[in-house]
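**Q** Everything below, folded, please.
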Amino acid sequence: MIRSRVLTASAAIALALGVTSCGAPVSRDQIAGALARALDATPKTARVKALWPSVRTFYETREHRLAWRDDDRVDAARAAIDASATHGLAPADYDAAGIARAWDAIQKSESIGDALGAELAAFDIRVTTALMALGHDVAVGRTSPSAISSSWKARRPPPDLAASLSDAVQRDRLVDWTDALAPRHPEYAALRRLLDELRRVDSPDDARMEQVAVNLERWRWMPDDLGDRHLLVNIPAFTLQAREQGETRFEMRVVVGKRGNETPVFSRDMETVVFRPYWNIPESIATAETARLAADDPDYLARNGIEVLRVSGSGPRRVDPDEIDWEAADQVKGVLLRQRPGAGNALGNVKFMLPNRHNVYLHDTPSTSFFKREMRALSHGCVRLAEPATLAEYVLRDRPEWTPERIRAAMAGRTEAQVPLRERLPVHIVYFTVVVGADGQPVFLSDVYKYDARQRRGRGTPGTVAGTE
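**A** Numbering: from 1, shown residues only. Presented below is the predicted three-dimensional model:
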């Protein structure tokens, strides 16, 4: 029996899978050997190198059998890559054009035996690597949040790419695979719908679409579980929302950190409410501002109720401010400054503690005029609240002894009082410049910290997976 040396890729693979005679252009063992050799190689790019353990596991669980062995599966893989655009990603970053060229070349290949096995193995691994890069990026982000700010951390665990892709291939459900890896938050789905609407208009606004894309990326950095009941502080919106079961119970204006004193993006649990708090002045403010004011005005500390303390082995002790040379940096660095509770206290009458390495919390403020401004990036980093009593009532509602009357009395009291919450309350400080309202209408917010611009510049840094060519 005479065979043509020129076979379509589908026919060659079918023969390899179903025929073991010497008449087959390539055997199952030759393909398995080619896959094993290719997987033993060291990837050329950092992007592929990071994915390589998952790629190898994928083929090990398949006993080194091809995954993309016919037109239907290749078409499904290419459709999944093309659909990356619906997640605000670029198909070009996942080797879309390169895969199309490579599949066309295999279809025309005249190779047989080990040579054809190597070609089929290289193509198969190329598709798998591209899909795993896509799956990773849809699940946890293409870029690292630390590229935007050193304090910003990803809070969503990466998926098991090898297991999830194997399952999708086995069940022929590749179309649903990336959607299953994406964040489940309704806000993410709303942004995807908005992106689709923006693409459908006669004259698409590229800047708006890019803004939506970077906000989709930020949802990939969020934890999966925000908490059935939680607080959400959105820095660009200058708002705090109390949310339960996906519904907003109330919203209030807030003041956030100014440029240079940016409020960090993080998630922590609120543990304690402190009425009539002392303000332990951070060292950065004490050395840069308070010491200078004390040097210029000897009565400044007393007039503002600021105590001076030194820390020793027996604990902090009060010292006379006149003993300190406020112009000497070494003397200032050795003291602690604390503002007593009172009408002029920078924290107002109540603060809400969520222990974190940034020393950031939510608090009242005597500077209520700031809430009348539209642009409210004005603090040193903490979040100032327009309606602190409302928040105190909300977070202490599981303690019935803390009635609204008692809360207001504590806020007007003479001494500091700490009240632990019975159940910790998750607080998420976030940075979203596109928000879709309950009515489905989008709101595009100002990029107050210029994080959108920084993220856009970094979107291409991870590199494509075209290096698998």
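
**Q** So for the biggest strand by length in the chain, mean pLDDT?
**A** Counting residues, the longest strand found in the chain (DSSP state E) is strand 417-430. Strand 417-430 carries an average pLDDT of 97.

**Q** Likewise for stretch 103-122?
**A** Per-residue pLDDT over stretch 103-122 has a mean of 93.

**Q** before we move on, back to that, can you name the next helix or strand after the longest strand of the chain?
**A** Following strand 417-430 in sequence order, the next helix or strand is strand 434-436 (DSSP states H and E).

**Q** Show the model's pLDDT score for Ser21.
**A** 40.

**Q** typo on my end, it should be Ala14
**A** Reading off the model, Ala14 has pLDDT 57.

**Q** and the helix or strand in which Ala291 is found, what does it pack onto?
**A** Counting by DSSP H and E, the element that carries Ala291 is helix 291-296. Packing contacts for helix 291-296, counted by 3 or more Cβ pairs under 8 Å, 6 or more residues apart in numbering; DSSP states H and E, involve helix 300-303. Backbone N, C-alpha and C define where each C-beta goes, glycine included.

**Q** For Glu262, list the residues it contacts.
**A** Glu262 makes contact with Ser149, Gly381, Tyr449 under the criterion Cβ atoms under 8 Å, 6 or more residues apart in numbering.

**Q** For the helix holding Ala291, could you pull out the residues that count as buried?
**A** Neighbour-count burial for helix 291-296 flags Ala291, Ala294 (criterion: 16 or more other Cβ atoms under 10 Å).

**Q** buried sites along stretch 75-94?
**A** For stretch 75-94, burial by neighbour count (16+ other Cβ under 10 Å) applies to 76-78, 80-81, 83-89, 91, 93-94.

**Q** what does stretch 184-204 give?
**A** With burial defined by 16+ other Cβ under 10 Å, the residues of stretch 184-204 counted as buried are His185, Glu187, Tyr188, Ala190, Leu191, Arg192, Leu194, Leu195, Leu198.

**Q** Pretty sure the last one sits against Glu210.
**A** No - applying Cβ atoms under 8 Å, one finds Leu198 not in contact with Glu210, separated by 10.1 Å.

**Q** Pull up the overlap in contacts between these two.
**A** Common contacts of Leu198 and Glu210 (Cβ under 8 Å, 6+ apart): none found.

**Q** Could you measure from Arg317 over to Ala46?
**A** Going from Arg317 to Ala46 by Cβ to Cβ, to the nearest Å gives 54 Å.

**Q** Kindly report the same for Asp172.
**A** 32 Å.

**Q** can you pull out the helices in the stretch 1-150 of the chain?
**A** For the stretch 1-150 of the chain, applying DSSP state H, counting those that start in this stretch gives helices covering 9-18, 28-40, 46-61, 71-82, 96-107, 113-140.

**Q** Grab the nearest non-local neighbour of the residue nearest to the spatial centre of the chain.
**A** What sits nearest the mean C-alpha location of the chain, by Cα atoms, centre = their mean, is Trp221, with 2.1 Å. Of all residues not flanking Trp221 in the chain, Ala154 sits nearest, at 4.6 Å (Cβ to Cβ, 6 or more residues apart in numbering).

**Q** count of residues packed around that neighbour?
**A** 17 (other Cβ atoms under 10 Å).

**Q** my read: it touches Thr143, true?
**A** No - contact status for Ala154 versus Thr143: not in contact, 9.8 Å apart, counting by Cβ under 8 Å.

**Q** which of the contacts of Glu262 has the most neighbours?
**A** Tyr449 (22 neighbours).

**Q** Tyr394 contacts Glu244, correct?
**A** No - counting by Cβ under 8 Å, Tyr394 stays clear of Glu244, with 10.0 Å between them.

**Q** the more surrounded of these two?
**A** Neighbour totals were compared for Tyr394 and Glu244, and Tyr394 leads with 16 against 12 (other Cβ under 10 Å).

**Q** part of a helix, is Arg218?
**A** Yes - if the criterion is DSSP: H, G, I helix; E, B strand; the rest coil, then Arg218 is within a helix.

**Q** who's in contact with it?
**A** Pro145, Val430, Tyr431, Phe432.

**Q** Tell me how far it lies from Val436.
**A** Distance, Arg218 to Val436, using Cβ to Cβ: 14 Å.

**Q** can you check Met375 too?
**A** Using Cβ to Cβ, we find Met375 at a distance of 22 Å from Val436.

**Q** quick one, which of these two is more surrounded?
**A** A count of neighbours by other Cβ under 10 Å puts Val436 above the other of Met375 and Val436, at 19 against 10.

**Q** is it true that that one touches Tyr188?
**A** No - with contact defined as Cβ under 8 Å, Val436 does not count as touching Tyr188 (10.1 Å).

**Q** Deepest in the core, which of the helices of the stretch 1-150 of the chain is it.
**A** Highest mean neighbour count of those: helix 113-140, a mean of 23 (counted as mean count of other Cβ atoms under 10 Å).

**Q** Now do it: distance to the chain's middle.
**A** 27 Å (Cα atoms, centre = their mean, to the nearest Å).

**Q** List the buried residues in the next helix or strand after that helix.
**A** Per DSSP H and E, the first helix or strand lying C-terminal to helix 113-140 is helix 161-170. Residues of helix 161-170 classed as buried by neighbour count (16+ other Cβ under 10 Å): Leu161, Ala162, Ser164, Leu165, Ser166, Ala168, Val169.
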